[in-house]
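J.: sequence first, then the predicted structure:
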Amino acid sequence: MRRVLMATLMSAVLVGVVLAQAPPPMPKPGPELKRIGYFAGSWKTEGEAKASAFGPAGKLTFTDHNEWLPGGFFMVMHSEGKGPMGEMKGLAVFGYNSSEKVYTYQAYNNMGMSESAKGTVSGDTWTWTSESKMGGKPLKTRFIIKELSPTSFTFKFDTSPDGKIWSTIEEGKATKTK
């Protein structure tokens, strides 16, 4: 009987040691990340660019394909299209910074430009903002998306030197194709 009791105790200790060393469970995305799911799929974007420091005026046409990275913490966007400055291809990553309580956006394109923006959503309106320099002068940008339905949204891209007076340099509409 004593041997059975000792064997049982040793087994319990071994199981406890193994369980104590087991890796923690995989984290799960919160509801904020699921909100980015609105953008999943393929989208066709059409719009107009106004003449600005970013380039000449003209039509914009883009196709974006957005998909979740495994785990559901980041969405990757592959873009290609044409604007007043020619053919463009880009890559962007959306996420959520829980400590700052803002959405994140990192983008890179074939014209050598990169962008980092922070976003918020209120109801059906997303507002993405960034700060940078252009020609050594401060530049603030905001990209506003208004969800019209589960398959369409309008957008407006504004710039400002000080965040007080804004100039719209692009606007248009996107439609989900898949």
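T.: Great, that's in hand. Numbering: from 1, shown residues only.
J.: these two touch, right, residue 104 and residue 120?
T.: No. Contact criterion C-beta atoms under 8 Å: residue 104 and residue 120 do not qualify, at 11.3 Å. To be clear about C-beta, it is placed using only N, CA and C from the backbone, and glycine gets the same treatment.
J.: and for residue 83, the neighbour number?
T.: 19 (other C-beta atoms under 10 Å).
J.: who are the neighbours in contact with it?
T.: Neighbouring residues of residue 83 by C-beta atoms under 8 Å, 6 or more residues apart in numbering: 49, 55, 58, 59, 60, 61, 62.
J.: name the residue in residue 104 and residue 120 with the higher neighbour count.
T.: Between residue 104 and residue 120, counted using other C-beta under 10 Å, residue 104 has the larger neighbour count: 16 against 12.
J.: mind listing what that one touches?
T.: For residue 104, the contacting residues are 93, 94, 95, 96, 97, 116, 117, 118, 119, by C-beta under 8 Å, 6+ apart.
J.: now for these: which two are most distant?
T.: For the contacts of residue 104, the maximum inter-member distance is 14.5 Å, found between 96 and 116 (C-beta to C-beta).
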